[in-house]
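Trainee: I'll drop the sequence and a predicted model, then ask my questions.
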Amino acid sequence: MLLGAEQLLGGDPLPWLVLAVGAALALGTVMALLRGQGEADEGELVRPPLARSVIMIVIGLLAAVWAVASLIKG
């Protein structure tokens, strides 16, 4: 017997998608800040800009927290 989307994801897939995108945005940005690029060619950045990265991390975390709250609430 195959599972439908409602049985598999609990009815509304939007919180799951927001959780995935938010977590990926936050985690990917943190990893880019920690890792850096190593040696950069002329005109390239070694690390991403800190202010932009912090904003992206905050947006990703807010989205992930909203999604988790939505999933817990039902």
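Mentor: Sure, I can see it. Only a predicted model underlies this, so the values are computations on that prediction, with no experimental measurement involved.
Trainee: for this protein, which helix is longest?
Mentor: With secondary structure taken from DSSP state H, the chain has its longest helix at helix 50-73.
Trainee: quick one, whichever strand or helix holds residue 22 and helix 50-73 angle?
Mentor: Using DSSP states H and E, residue 22 sits in helix 14-35. Using axes from the mean of the first three to the mean of the last three CA atoms, to 10 degrees, one finds that helix 14-35 and helix 50-73 are set 150 degrees apart in direction.
Trainee: Counting by contacts, list what helix 14-35 packs against.
Mentor: In terms of contacts (3 or more CB pairs under 8 Å, 6 or more residues apart in numbering; DSSP states H and E), helix 14-35 is packed against helix 50-73. Just so you know, the C-beta spots here come from the backbone N, C-alpha and C atoms, and that holds for glycine as well.
Trainee: same question for the helix it packs on, mean pLDDT?
Mentor: Mean pLDDT, computed over helix 50-73, is 95.
Trainee: That concludes my questions; thank you for your assistance.
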